Structures are given as structure tokens and as C-alpha cells.
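Trainee: coords please:
(4 chains)
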Number of protein chains: 2
Amino acid sequence: MEKDTSLRLLVMLRMVPREPFSITADLLLDKLNDQGYDIGLRTVQRDLNRCSIKFPLVTSEGEGKQLRWSWEHDSDVMDIPDMSPYTALTFNLAEHFVAPMLPPKLVSQLNPHFNRAKSLLSKLNGTGWKTWSNKIRHIPRGLTLKPAEINPAILETLYAALLQDRQFEAEYQKKGAEEIKTYLVHPLGLVFRHEIAYLVCTVKDYQKPIQLAVHRIQKAELLEEKANKPENFKLDDYINKAMFSYPVGEEEINLKVRFFGPAILHLFETPLSGDQTIIKESDASHILQARVQNTSELQWWLLAFGDQVEVIEPQSLRETMKEVLKKSFQHYAT
Amino acid sequence: MEKDTSLRLLVMLRMVPREPFSITADLLLDKLNDQGYDIGLRTVQRDLNRCSIKFPLVTSEGEGKQLRWSWEHDSDVMDIPDMSPYTALTFNLAEHFVAPMLPPKLVSQLNPHFNRAKSLLSKLNGTGWKTWSNKIRHIPRGLTLKPAEINPAILETLYAALLQDRQFEAEYQKKGAEEIKTYLVHPLGLVFRHEIAYLVCTVKDYQKPIQLAVHRIQKAELLEEKANKPENFKLDDYINKAMFSYPVGEEEINLKVRFFGPAILHLFETPLSGDQTIIKESDASHILQARVQNTSELQWWLLAFGDQVEVIEPQSLRETMKEVLKKSFQHYAT
DNA sequence: ATGTTCACGTCAGATTTTGTCGCAGGAGAT
DNA sequence: ATCTCCTGCGACAAAATCTGACGTGAACAT
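Mentor: Residues are numbered from 1 along each chain as shown, chains lettered A, B, ... in the order given. Purely as a prediction, here's the structure:
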């Protein structure tokens, strides 16, 4: 009974890939037969032609003489169920957030979705999505540096290696150094920090994990061999201990800080920790107490407040701050 | 000729909304007729029943006696063309980036897409998407504060008001204050800064734009009236001048800074500006020059480096830094 | 009790779908 | 140039389906 043509058409449409890629009617037939649709080649051909009237399907003549089918590369994606206006707004927001932080080539993978969101908003609001886009802004934390560009081919190899736990061979240019070295890499994880992507990995037969900046990899070739993984390796542990200050650790401190002026205000909105308490000390100062991770991010954060903050406890942190400020001031003591 | 049932089914499936919402066969019939499909109600009913075997469609009996149809609320979205593995990876990444920065209710709008990405990755890689998810991390800049929760109903009103340029009435609790006041709000824009969403707007018949923290709005009711907009208002200008330090402005300076130690290193990767130059001064110090916006973000950024940085030019900024550091140090001079 | 509304079963005629066959045009080999 | 093979596509008729019309029964309101 289930010869359901409609469903078959839908399944077939989803099988056709987006434009850099393509598929032949032959292969489609195989795939459909595999899924239990008992039909012939002629039907597939007919279906494709029929669909190409209604959908942005394009054909290209591949190396063989067979016709190859794909979706236009920038055509909007069709969601089932259709994207709701609310979701479209969220996509638009997400674009604002993600775009400045990820390499452009990566973000472009989501363009069909972002575009769909935009055209939906246009229809919704006669004035077009631009009106909406002019009404939202995301102010990133800190200074926005320009994301480092990554070679898409390398990224692809890297993904494959990570997903399949395989080794690859990389040509890598060390920071500052001129020379390019070739490494045998066992990938362990990918860490995005600020605008840079780092590959955490081991090299050759060393056990100690190291990190490579992805944009400094000049060339990458996937190998067949499985990748090694140091025993008990956990990405979070590594990040925490060896790589970056990352607020996932055990060294907790009871922070006690005096804030001067209005700087304290935004801490009411977004607490530093769940147990934070703020006590008004005088018209111009507040005491903040919270249990937090003692990371270098914390110290940066405290330093950035300048004279609006004074660390009271723990004593060790107070000493550190004092020392840093003393040295800083000496730079200007000419 | 174009009685194409298959296409009609697809169009109909897209018309059915996701679960908090629903639609009746009646309304579907109207919509389909509008689109030029000349069919009867019985056909729509039949189609829905047929589809509900193959798709996660559910019925609920609404207030009337009519059956209401929707998609299961957490069912994966179906993309046409199907999501590519590469895109699935990007979605997964995007989730890591966006989730900690936006209110959970907002992010959940994208869950069907995120889930689809995950199940695709699972199929791709026998071990499941969790393996992949364990291999990527995003280290956010600065301390991550907890995003303030926003009432979804309020967010919805707010979106509608912004999109349609309509007024709304809001009950707002001022920072720190106990009392709740009622305002007549003319929305102008939505600004996300760190983990907080701010609504830029004018109130009553005042002309001067102000900002309201969205999570402090207790209640919002959409009105019919059109919203006012001050002449020549531009969101970017406002953000830049009045609201936050935001690197979109005219006051550019020629920054000249001495870096001590390894802090300079990451500036090689992600330049501060397009024209930045770095000169090695000694084994332990570098001189950085760049043309940048003089925002308070810049000053925060410089302060955060502590004793690893010394501002040389412009003179005014050097004085500011000196002054701030002096005052800071005095806090500890007991 | 009666009427109304809605979903759904049934059925026959209309329409579409599909396998088969054959033709035309192009690429490559001889 | 000619032949051969391959692919895409038009045509056709049988098979499968889709669709509107009508009727039934259940739930609810009057």
C-alpha cells in the first residue's frame, strides 16, 4: 500500500545536496530503492524534472555524461514545519552573536537558515527585515578583535580527524617563527577562545597534549591511522589546568571586594555567583561577597575596574593586586 | 495540469505549526484555497490523517469542537535540502556559543534545529554526537555571569511592539527600587550587552531615549497606537554616545602602547585594527601602534593587562591611566 | 427530543502515476 | 566519417490513486 509518491518525493528532495555537491539520478534511484521505494529510473528522472519547475534545483554536467542535480547554493532552506516568526527572530539574533566570533567560512554554513529567517521577517513586516536588523544590536564583551581566517579545506580535514579519531599530518608555522614544520597530529579537541580556534592534540608519540592555533596550520592531510589518546584525558581538565583560565575547576575562594561608585550596579542584574551578597557600605561604596573560581580571568576582571574596586579578601589576592598595581604605576612614574 | 498533490501536501505540512500552536483543518483549507489549490475539506482531513502516520503530527481538541493539529513540540525539524554534516557541526558549535549568552527561553526556539544537528551527527558517527560535543569548547571572554531570565510572554509583546512600531504599556521596577511604576513605552531598539537585554525607548511624550532592562519589566501590554520616534534617531548613534561604549564612533586615536612579557603574543593572531604594527623593543617588551576608537572598553582592556602594559600615546590617555592607577593603588596603601 | 456540527467511512469516476518502449543527440572509439 | 554506447526524454496504456459526494454516528447545545 505504501507506494506513497508524495512521501517519496519529499525524501528524494532531501537527498539532493546543496550546490557545491551534486548527485546523479542513478544514485538517487539506489538510495530510494534502499529505503524500500520500489520504482524505476525513469520515475526518478521524471520527478526531478517536475520538481525543478517548482524548486530551485539546478543541473550540471559532471565529468561523466550523467546529469548531476543540486540545490542552488544560496537558496533558502525549507523547514518542515515552517519557521515560526519567533524562531526567525531568534535566528536573526543568533547571527548577530555568532558572526563576529566564528571564522566567516564556518558561519556561511548557516546562511541558508539565516536567509530564510530574513525573508520570513520581510514578508511579515512589509518594511523588510532590515528594519528589524536596525533595531537589534549585540555589544560584545571587551574589545572585538578580528577573527582569524581559516582555510576551509583545513577545517574540513580537522573536523573529519576529530570526528573519526584519526591522525593527520600538518604543516605548522610556529608563532613568530619563519620555518614551517611538519607534525604527525593526534587530535583531541577544538577550543574556541576569543576569536581564535585552537586544536588540542598530541604530536608524534608524545603523551603530553599541546595546542595548535588552527589558522597557523598551513596544510593538513588526513591519514588512515587511528589517533592516540592519553589515558584519562579530559578536555575540560586540560583546559582548566594547562591551557587557559577557564572557570571549571576546584580552587574556589571567598571573594570580598569593595566597589566604589556605580560600577556595582550591573552586578545586581547578573550575579557573579549564585550565593553572591551585596551590602551597601556608604553612599559611594558597596561590599560584594561571593564564592568564585580563582582564575586569571577573575583577576583581569577586577583589574579592569581600575580605581572603582578594592579587593579585601582573600589576603593572597589582595597582595597580588597590590603588587600588580604598584608595578603598573611605576611605568608612569617618570 | 498543476493539481500536484505532492506539492500540496508539502505546503500543507509546512502550514501546520509547532505544538504550543495549532491549526484546524478548516483554516488549512482556506489557506490552501488561497494558494490556488482547488480542493475540498474532506481531502484536507484525509491528508492530515495520512501524514500523521508518517510524521509526528498530533491532534488536540481545542475549545471549539474542531480538531486542532500541530507538530510535536520537540520533534526534529526537517530541512529541505537535508542538513549537511558540515552544517550540523556548525549548528552544534553555534549552540555552544549562543546558549550561555541568550535567555534560555529564546535559545529554545532553535532547539529543533540543534536537535536535528545532534541526531544527524549521531548517525554519522556511531558513537553519538556526545563524543563530538566533548571535543569542542568555547571559552567566553571575561567572566561569564548568569544570563538574566526573561518572561517569554513579555519578550513576545516586546518583539511585536518593535516589529510593528507600536506602543506598549509596561510595569517596570527600577534598579534597586521597590516600587513598580507603569510607563507608556515607545520602543526603538533592543540591545544585548553581556548577558543583559536592554530596550531602548522613549517614554510617554518625552523625546529623550532611555533604556530599560528587559528582565526588570514585570508586565507588558501591547497597544494599538503607533510608536513615536525622535527625529534622526539612530540606534548606533545612541549606543555610541549615550549608552555604552561601543566601537562605532568617530573619535579615533593613534594608540601607542608598550607591552611587557608574553601578553603581546595574542595580538599577532587577532589584530586590534587593520593597520596595527608591532615592533620588538627588547627581549621583554614590544611597542604596539594602532588606530582605534577611544572607548571605555579600550580603557578596560588596557587596565586588565595590569603591569604588562604601559600607554605611551596619546598623552591624554596616558594621564588617565596614570591617574586611575594611582587612585587604585591608594586603596591598598594601608 | 431535536437540530447542529464535525470527523470519518464508502464508493465510483476522474486523474495521476509508472513501467515499457523507442527515439534523438552526444561522447568517445575505431 | 562512422559506429557504438549511453543517457535523457517523449509517448502510451494499464494500474494505482485521488477526490468530491453522500451518508453515518457521536458529541454537544437548545
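
Trainee: List the contacts of A:Q66.
Mentor: By C-beta atoms under 8 Å, 6 or more residues apart in numbering or on different chains, the contact list for A:Q66 reads A:T24, A:A25, A:D26. C-beta coordinates here come from the backbone N, C-alpha and C atoms, glycine included.

Trainee: Which of those residues has the largest number of neighbours?
Mentor: Highest neighbour count within the contacts of A:Q66: A:A25, with 22 neighbours (other C-beta atoms under 10 Å in any protein chain shown).

Trainee: In helices, which of the contacts of A:Q66 appear?
Mentor: A:A25, A:D26 (DSSP state H).

Trainee: which of the contacts of A:Q66 are close to DNA strand D?
Mentor: Restricting those to those near DNA strand D by C-beta under 7 Å from any atom of the strand leaves A:T24, A:A25, A:D26.

Trainee: which stretches of the stretch 51-200 of chain A have low pLDDT?
Mentor: Applying pLDDT under 70 to the stretch 51-200 of chain A flags the ranges A:62-64, A:125-129, A:141-147, A:175-177.

Trainee: Would you map the helices across chain A?
Mentor: Ranges of helices in chain A, per DSSP H, are A:5-15, A:25-34, A:41-54, A:85-98, A:104-107, A:111-124, A:129-133, A:152-164, A:235-238, A:265-269, A:296-304, A:315-331.

Trainee: ok, the contacts of A:Q66 vs DNA strand C, which is closest?
Mentor: Proximity of these to DNA strand C (C-beta to the nearest atom of the strand) peaks at A:A25, which lies at 12.2 Å.

Trainee: quick one on the thing from earlier: let's have the helices of chain A in CSV, adding distance to B:V98.
Mentor: Shown next, in CSV, are the helices of chain A (distance: least, C-beta to C-beta, whole Å):
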stretch, distance to B:V98
helix A:5-15, 26
helix A:25-34, 34
helix A:41-54, 34
helix A:85-98, 5
helix A:104-107, 12
helix A:111-124, 13
helix A:129-133, 17
helix A:152-164, 20
helix A:235-238, 20
helix A:265-269, 20
helix A:296-304, 20
helix A:315-331, 32
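
Trainee: any idea which of the ones you listed is most buried?
Mentor: Most buried of those, by mean neighbour count (mean count of other C-beta atoms under 10 Å in any protein chain shown): helix A:85-98, with a mean of 21.

Trainee: Compute the inter-axis angle for it and helix B:152-164.
Mentor: Angle, helix A:85-98 to helix B:152-164, by axes from the mean of the first three to the mean of the last three C-alpha atoms, to 10 degrees: 80 degrees.

Trainee: In terms of secondary structure, what does helix A:85-98 contact?
Mentor: Here helix A:85-98 touches helix A:111-124, helix A:129-133, strand A:136-139, helix B:85-98, helix B:104-107, helix B:152-164, strand B:180-193, going by 3 or more C-beta pairs under 8 Å, 6 or more residues apart in numbering or on different chains; DSSP states H and E.

Trainee: just the angle between that helix and helix A:111-124, please?
Mentor: Going by the same axes, to 10 degrees, helix A:85-98 makes 130 degrees with helix A:111-124.

Trainee: Give me the distance between helix A:85-98 and the centre of its chain.
Mentor: Averaging C-alpha positions (C-alpha atoms, centre = their mean, to the nearest Å) puts helix A:85-98 15 Å from its chain's average.

Trainee: how about the CA coordinates for it, as PDB?
Mentor: The C-alpha coordinates for helix A:85-98 follow below in PDB (Å, rounded to 0.1, in the frame of the first residue of the first chain):
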ATOM      1  CA  PRO A  85       8.300  34.300  13.100                       C
ATOM      2  CA  TYR A  86       9.500  33.900  16.700                       C
ATOM      3  CA  THR A  87      12.200  31.500  15.600                       C
ATOM      4  CA  ALA A  88      13.100  33.700  12.700                       C
ATOM      5  CA  LEU A  89      13.800  36.500  15.100                       C
ATOM      6  CA  THR A  90      16.000  34.200  17.200                       C
ATOM      7  CA  PHE A  91      17.900  33.100  14.100                       C
ATOM      8  CA  ASN A  92      18.500  36.800  13.300                       C
ATOM      9  CA  LEU A  93      19.700  37.400  16.800                       C
ATOM     10  CA  ALA A  94      21.900  34.400  16.700                       C
ATOM     11  CA  GLU A  95      23.500  35.700  13.500                       C
ATOM     12  CA  HIS A  96      24.400  38.900  15.200                       C
ATOM     13  CA  PHE A  97      26.000  36.900  18.000                       C
ATOM     14  CA  VAL A  98      27.800  34.200  16.100                       C
END
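
Trainee: now it and strand B:180-193, what's the angle there?
Mentor: Going by the same axes, to 10 degrees, helix A:85-98 makes 50 degrees with strand B:180-193.

Trainee: Identify all contacting residues around helix A:85-98.
Mentor: A:83, A:107, A:110, A:113-114, A:116-118, A:120-121, A:124, A:129, A:132-133, A:136-138, B:94, B:97-98, B:101-102, B:106-107, B:109-110, B:156, B:159, B:192.

Trainee: before we move on, the earlier item: tell me which of the contacts of A:Q66 is nearest to DNA strand D?
Mentor: Ranked by distance to DNA strand D (C-beta to the nearest atom of the strand), the contacts of A:Q66 are led by A:A25 at 5.0 Å.

Trainee: Now that that closest one has come up, it's in contact with A:T59, right?
Mentor: No - using C-beta atoms under 8 Å, A:A25 is not in contact with A:T59; the gap is 9.9 Å.

Trainee: what residues are shared contacts of these two?
Mentor: A:L67, A:W69.

Trainee: Quick one: residues contacting A:Q330.
Mentor: With contact set as C-beta under 8 Å, 6+ apart, A:Q330 has these partners: B:D307.

Trainee: how close does it sit to A:L106?
Mentor: Between A:Q330 and A:L106 the computed distance is 44 Å (C-beta to C-beta, to the nearest Å).

Trainee: Check A:R166 too.
Mentor: From A:R166 to A:L106 the distance is 21 Å (C-beta to C-beta).

Trainee: Nearest to DNA strand C: which residue in the stretch 151-300 of chain A?
Mentor: Closest point on the stretch 151-300 of chain A to DNA strand C, by C-beta to the nearest atom of the strand, is A:A153, at 27.7 Å.

Trainee: what residues are up against that residue?
Mentor: A:A220.

Trainee: Apply 10 Å and report the result again.
Mentor: A:K105, A:K219, A:A220 (C-beta atoms under 10 Å, 6 or more residues apart in numbering or on different chains).

Trainee: What of A:S6?
Mentor: A:S6 neighbours (C-beta under 10 Å, 6+ apart): B:D4, B:T5, B:S6, B:L7, B:R8, B:L9, B:L10, B:L13, B:D47, B:R50, B:C51, B:K54.
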